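Undergrad: Here is a sequence with its predicted model. Questions after.
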Amino acid sequence: MINTTWLNTFCTLVEVGHFTRTAERLHMTQSGVSQQLRKLEEQLGTSLIVRQGKQFTLSEAGQRFYDEARKVLLSLAHLEQSLVDDPVDEGVVRVCSPGSVGLKLYPQLLALQQAHPKLVIEYRFAPNAEIEKAIAKGEADIGLISARSSMAEVKSESIATEALLLVTPAKLGKPTWQQLMDLGFIDHPDGAHHAGLLLGENYAEFQHASDFPRKGFSNQIGLIMQPVSLGLGFTVLPAYAVEAFGNSDKVSAHSLAKPVNEELFLCLKRYRALPKRIQMVTAKIKQWL
C-alpha cells in the first residue's frame, strides 16, 4: 500500500513546483519533503522527477503517477467528507408499515419532503413479518408493526395505539348480531384477526370471522371500505384506514361498548448508528402518531 502522506507530499510538490515552498505549505522541512519523495520512488521502483539544479520536471512515469494520485487523493477527501457530512434534511429514508398507519403517515411524510426537497421518502406497505425482515436485512430504515418484534436483529418500541372500528353502511345504529349476519363480511388480509379482536370482545355469539357470509375481499387498504359504502357488507379496520376514506358519509364507524386498540411499534435495526435524517423522521413519526 502506498503511504498517502507521501502521495500528498508528491502531489503538492508537483503543484507548487518548489521544494522549499512545498515544505512551508505542509509544515515540514525541505529535507523531509526530499526524504518522502525518495521513499516513494524506492517503493515504486522508478524516478518520478528529473532534477535540473534547483528546478525539476516530471518524468513520464511521474506525470502518469501524478494524474492517478490526484484522483486518489480527491476520492479520499470526498470519502472523508461524506463521513463528516450528515445533513438532517438530505438523503433517502425508507419506511415500511401496514396499510392503515401508512394512510395516515404517507401524506405527512410527503409534506415533510416538500419542506425539505433534498429529502427522499420511499414508502412501502407490507405485513408485519415482511417489515421485520426488511429492517433486519437493512432494506428498510424505519418500520411500523402491530406486534412487538421477535427478531434479535430488530429493536421495537411501543409508540402509539390505534383503535379498531366496526364499519357498516351509513345510518345503521348499533349493529345487532343478526344485522351483521345479514350484511356479511368484507374481508381483507387482517380481516379475521381484527374481527376476532373487536367482535370477540363485544358479541357473545362470535367465534370466528368465517361465521359470517363472505361478501367480498380486497388486499388494497384504500379499497376495503368501498363495498361497505355501497351496502354490500361490513368490515373491521383500524381507525386510520377509516379516517382516510373519502366517502365517510356513506359509512358508519362503531367503536362498540368494549373498545379494542392495536398497539403500534416502531422498529429499527439493532445497534445501527442512525443518520440524522432518519433520527429526524423517526421523531416526526412519533409526534404524528
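TA: Received the coordinates, thanks.
Undergrad: and A61, what is it in contact with?
TA: With contact taken as Cβ atoms under 8 Å, 6 or more residues apart in numbering, A61 is in contact with L44, T46, S47, L48. C-beta here means a position set from N, CA and C on the backbone, and glycine is covered the same way.
Undergrad: And for Y106?
TA: Each residue near Y106 by Cβ under 8 Å, 6+ apart is listed here: Y123.
Undergrad: Please report how far it lies from R277.
TA: Applying Cβ to Cβ, to the nearest Å, one obtains 17 Å for the distance of Y106 from R277.
Undergrad: Also M181?
TA: Using Cβ to Cβ, one gets 51 Å for the distance from M181 to R277.
Undergrad: Then Q207?
TA: Taking Cβ to Cβ as the measure, Q207 and R277 are separated by 48 Å.
Undergrad: of the two, who's got more company?
TA: Just comparing Q207 and R277: by other Cβ atoms under 10 Å the higher neighbour count belongs to R277, 21 against 10.
Undergrad: tell me what the helix or strand containing the more buried one is packed against?
TA: Secondary-structure assignment from DSSP states H and E places R277 in helix 276-288. Using 3 or more Cβ pairs under 8 Å, 6 or more residues apart in numbering; DSSP states H and E as the contact criterion, the neighbours of helix 276-288 among helices and strands are strand 91-97, helix 99-115, strand 142-145, strand 154-169, strand 261-269.
Undergrad: got the CA coordinates for that helix in PDB?
TA: As requested, the backbone C-alpha atoms of helix 276-288 are provided in PDB (Å, rounded to 0.1, in the frame of the first residue of the first chain):
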ATOM      1  CA  LYS A 276     -29.600  12.400  11.400                       C
ATOM      2  CA  ARG A 277     -32.200  12.300   8.700                       C
ATOM      3  CA  ILE A 278     -33.600   9.000  10.000                       C
ATOM      4  CA  GLN A 279     -33.500  10.300  13.500                       C
ATOM      5  CA  MET A 280     -35.500  13.300  12.400                       C
ATOM      6  CA  VAL A 281     -38.100  11.300  10.500                       C
ATOM      7  CA  THR A 282     -38.400   8.900  13.400                       C
ATOM      8  CA  ALA A 283     -39.100  11.800  15.800                       C
ATOM      9  CA  LYS A 284     -41.700  13.200  13.400                       C
ATOM     10  CA  ILE A 285     -43.500   9.800  13.200                       C
ATOM     11  CA  LYS A 286     -43.600   9.500  17.000                       C
ATOM     12  CA  GLN A 287     -45.000  13.100  17.100                       C
ATOM     13  CA  TRP A 288     -47.700  12.400  14.400                       C
END
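Undergrad: so who does the residue lying closest to K118 once chain neighbours are set aside touch?
TA: For K118, ignoring the flanking residues on the chain, the nearest one in space by Cβ to Cβ, 6 or more residues apart in numbering is E90 at 3.9 Å. The contact partners of E90, taken as Cβ under 8 Å, 6+ apart, are H116, K118, L119, R277.
Undergrad: Among the helices and strands packed on helix 276-288, show me which one is buried the most.
TA: strand 142-145 (a mean of 24; mean count of other Cβ atoms under 10 Å).
Undergrad: Just the CA atoms of that strand, as CSV, please.
TA: The C-alpha coordinates for strand 142-145 follow below in CSV (Å, rounded to 0.1, in the frame of the first residue of the first chain):
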residue,chain,number,x,y,z
ILE,A,142,-37.9,2.6,9.8
GLY,A,143,-40.7,0.0,10.3
LEU,A,144,-44.1,0.2,11.9
ILE,A,145,-45.8,-3.0,13.0
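Undergrad: pLDDT on it, on average?
TA: Taken as a whole, strand 142-145 carries a mean pLDDT of 96.
Undergrad: Mind listing residues that contact that strand?
TA: Defining contact as Cβ under 8 Å, 6+ apart, one finds that strand 142-145 is touched by 93-98, 101-102, 105, 128, 131-132, 134-135, 154, 156, 264-268, 278, 281-282, 285.
Undergrad: Kindly report the same for stretch 217-227.
TA: The contact list for stretch 217-227, computed with Cβ under 8 Å, 6+ apart, reads 98-100, 102-103, 125, 167, 186-189, 191, 215-216, 233, 235, 237, 241-242, 244-245, 247, 251.
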